[in-house]
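1. Sharing a model prediction with you, sequence too.
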Amino acid sequence: MTEVERDGVAIEVEDLTKRYGDATVVDHLTFSVRPGRVTGFLGPNGAGKSTTMQMVLGLARPTEGQATIGGRCYADLDDPVRTVGALLEANAFHPGRSGRNHLRVLTDAAGLPASRVDEVLEMVELSAAADKRVSAYSLGMRQRLGVAGAMLGDPPVLVLDEPANGLDPQGIHTMRDLLRGCAERGQTVLLSSHLLAEMELLADDLVVIAGGRLVVSSSLADLRQTETLVRTPSPEVLAAALRDSGTEVVVEEAAGAPDTLVVRGMSTDAVGECAFQAGVLLRELSTHVGSLEERFLAWTSTSPASDRSVPA
Amino acid sequence: MIRNLFRSELRKLTTTAMPLAFVAVLVVLAGINAVAVAFGTDADGSKTFISTADEQRSLVAFAANATMLAGLFGAIAVAREHGHGTVIHAFLAGPRRHRAVLAQFAAVGLGGALLGVLGAASTIIAVTLALPATEYGFLIPADGVAQVLAASTLCGAVGAVLGAAIGALVRNTGGAVTGAVLVLLVAPPLVVQLANETASWMPATLATVLSGVTTEVGIAGAAAALCLWAAVPAALALVLIQRRDVI
């Protein structure tokens, strides 16, 4: 895969829906994962992250919508292992097989040279344990073996489900450097994680889902913009005025406080002037910088809203 | 693509201890045969059961055992792939799943054929080594030995594919083993009870026909019928695996 080809391989999820009987696990999900960026895929347990990843990788059939990689469904890729590296389950190994043999099974299946096995083992610092049975591996070592498997084809796209699970701080640091390096080389990285602090250090973009629905899809830089908190007896009037101000602005109702708005994309002064022009009484106007964890809890504790996506 | 997947499936089979466990079972069975030849007698105290070429052929005909053993081998080999989640890697490498499944069935079938021929060969060798302890020599002609080996090879391959198909359908090792035992051991006598004319087409009977021990049906018909026993569940598994979600 050349650098030029790497540049073009994005993941597009369009109106993706998965239903099991009456239960909707993924509900009309739409988002993009861009090349050269690490995209964090966040959501509480049971939000539909793993099911979405399975549909991206052609392991589960969407009820509606589609997921494409470089414009093609996974099943239509000419050389899937050289296009997408995937880690879905930390324990998808035969316990009696050695780490090296596990990777050789994968290189055989993909028609890759056996020399790649030693290269990726070195990359994830597992060379010394390569000939031990996987049953003797710790959870962290299994994770690293899974990541090694994803890296085998040197693919332009990586899809990793909870790759940092079970890793010690050193392992997390190594993983972070590895994935950042991948993104800097133009690879597309989509990873789910529950480690919000780690995601804050690693991700460029975030896609947050809850109850199978998109909650927010934005760059981390945009999300880090200072928010303005406005408390007013007329939140609907102010929200409409802010949205009509001509500035690209995101206005949300603060969790648990119906008289308070959270405004992003507009300075505190500008919010005050807008309120004045609209004749809206303000009881509080303050700046607020929240942590990702704080926002994640706010996003996922309320029902998903379609207007939470930051405008491009 | 399918060649790569086949090679990968062969490596899966050869990088765990399971095939060795089955080979150990074959050695034990051969040992039991040797002990029976050396020390066993018929009810009247004679050794009639090894006194003629036909009797000896009946003793060393391993095909029916090969079907059963290889059935378990195939069921375990495939069901555990689903249990451990390693089947995901095969479907990621071969997203057109029928290729991955065909490669898996082919590799397991080859493994079953090897188990079959090894089981027959080890039984023949064990009996040959035990016969000097009796008054009889090895009486089976060369073409008879060849037929016993060929029958056991075919039955091993068929049994393994049948087991693999059950494993792919059930996706649980315990369930797959139970399924293989039900299909190959428990169900046939029950079916024969219900419809007596089906007796000639049951796997164990077909195996004895192929080994040249009995002649209920022709050799070609027996081979075709035996293959059908594997082909039907294999086709069912192929269709179902294409349609259902992997995880």
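-> Noted; the coordinates are in hand.

2. Report the residue spans of the stretch 151-300 of chain A with pLDDT below the cut-off.
-> Applying pLDDT under 70 to the predicted model, the residue ranges of the stretch 151-300 of chain A that meet it are A:225-226, A:255, A:290.

3. And the next helix or strand past the helix ranked longest in chain A?
-> With secondary structure taken from DSSP state H, chain A has its longest helix at helix A:169-184. The C-terminal neighbour of helix A:169-184 among helices and strands, as given by DSSP states H and E, is strand A:188-192.

4. And the helix or strand just after that following strand, what does it pack against?
-> The first helix or strand that comes after strand A:188-192 along the chain, using DSSP H and E, is helix A:196-202. The criterion is 3 or more Cβ pairs under 8 Å, 6 or more residues apart in numbering or on different chains; DSSP states H and E, and the helices and strands that helix A:196-202 contacts are strand A:38-42, helix A:169-184, helix A:292-301. (Glycine included, C-beta is placed from N, CA and C.)

5. Quick one: the helices in chain A, in order.
-> Assigned by DSSP H, chain A shows helices spanning A:3-8, A:49-56, A:80-83, A:99-110, A:115-123, A:139-151, A:169-184, A:196-202, A:220-224, A:235-243, A:268-277, A:292-301.

6. so which of these gets nearest B:Thr208?
-> Nearest to B:Thr208, of all the helices of chain A, is helix A:99-110, at 37.9 Å by Cβ to Cβ.

7. May I have the beta-bridge partners of A:Leu261?
-> When bridges are assigned using DSSP bridges, the partners listed for A:Leu261 are A:Val230, A:Glu253.

8. quick one: it and A:Arg243, what's the gap?
-> 11 Å (Cβ to Cβ, to the nearest Å).

9. what's the overlap in contacts for the two?
-> Listed contacts common to A:Leu261 and A:Arg243 are A:Val251; contacts here mean Cβ atoms under 8 Å, 6 or more residues apart in numbering or on different chains.

10. Stretch A:43-62 close to chain B?
-> Yes - counting by Cβ under 8 Å from any Cβ of the partner chain, chain B has neighbours in stretch A:43-62: A:50, A:54, A:57-61.

11. Pipe the helices of chain A into JSON lines and attach distance to A:Ala90 and mean neighbour count per row.
-> Formatted as JSON lines, the helices of chain A follow (distance: least, Cβ to Cβ, whole Å; neighbours: other Cβ atoms under 10 Å in any protein chain shown):
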{"stretch": "helix A:3-8", "distance to A:Ala90": "27", "mean neighbour count": "12"}
{"stretch": "helix A:49-56", "distance to A:Ala90": "12", "mean neighbour count": "24"}
{"stretch": "helix A:80-83", "distance to A:Ala90": "19", "mean neighbour count": "22"}
{"stretch": "helix A:99-110", "distance to A:Ala90": "13", "mean neighbour count": "24"}
{"stretch": "helix A:115-123", "distance to A:Ala90": "17", "mean neighbour count": "17"}
{"stretch": "helix A:139-151", "distance to A:Ala90": "5", "mean neighbour count": "23"}
{"stretch": "helix A:169-184", "distance to A:Ala90": "13", "mean neighbour count": "16"}
{"stretch": "helix A:196-202", "distance to A:Ala90": "16", "mean neighbour count": "18"}
{"stretch": "helix A:220-224", "distance to A:Ala90": "25", "mean neighbour count": "16"}
{"stretch": "helix A:235-243", "distance to A:Ala90": "43", "mean neighbour count": "18"}
{"stretch": "helix A:268-277", "distance to A:Ala90": "45", "mean neighbour count": "16"}
{"stretch": "helix A:292-301", "distance to A:Ala90": "22", "mean neighbour count": "17"}
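
12. wait, which of these is closest to B:Arg97?
-> When the helices of chain A are ranked by proximity to B:Arg97 (Cβ to Cβ), helix A:80-83 comes first, at 12.0 Å.

13. need the residues of chain B near chain A, please.
-> Counting by Cβ under 8 Å from any Cβ, chain B comes close to chain A at B:1, B:4-5, B:7-8, B:11-12, B:15-18, B:80, B:84-86, B:88-96, B:243, B:245-247.

14. Please repeat the previous calculation with a cut-off of 6 Å.
-> B:4-5, B:7-8, B:11-12, B:15-17, B:84-86, B:88-89, B:92-93, B:95, B:245-247 (Cβ under 6 Å from any Cβ of the partner chain).

15. so what's B:Ala103 up against?
-> Taking Cβ atoms under 6 Å, 6 or more residues apart in numbering or on different chains, we find B:Ala103 in contact with B:2, B:5-6, B:9.

16. Among those residues, find me the one that's closest to chain A.
-> B:Leu5 (5.5 Å; Cβ to the nearest Cβ).

17. tell me the contacts of that closest one?
-> A:109, B:94, B:99-100, B:103.

18. Greatest separation within the residues you listed: which pair is it?
-> A:Ala109 and B:Arg99 (10.4 Å).

19. got the helices and strands packed on helix A:196-202 as JSON lines, with distance to chain B columns?
-> As requested, the helices and strands packed on helix A:196-202 are arranged in JSON lines below (distance: least, Cβ to the nearest Cβ, whole Å):
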{"stretch": "strand A:38-42", "distance to chain B": "17"}
{"stretch": "helix A:169-184", "distance to chain B": "18"}
{"stretch": "helix A:292-301", "distance to chain B": "23"}
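
20. These into TSV, with extra columns for distance to A:Leu190?
-> Output for the helices and strands packed on helix A:196-202, formatted as TSV (distance: least, Cβ to Cβ, whole Å):
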stretch	distance to A:Leu190
strand A:38-42	5
helix A:169-184	10
helix A:292-301	17
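
21. Out of these, flag the one nearest A:Leu229.
-> When those are ranked by proximity to A:Leu229, the top entry is helix A:292-301, at 12.1 Å, counting by Cβ to Cβ.

22. by contact count, what packs against the closest one?
-> The helices and strands touching helix A:292-301, judged by 3 or more Cβ pairs under 6 Å, 6 or more residues apart in numbering or on different chains; DSSP states H and E, are helix A:196-202.

23. hmm, who's touching the helix it packs on?
-> Contacts of helix A:196-202 with the rest of the structure, by Cβ under 6 Å, 6+ apart, involve A:38, A:40, A:164, A:176, A:193, A:292-293, A:296.
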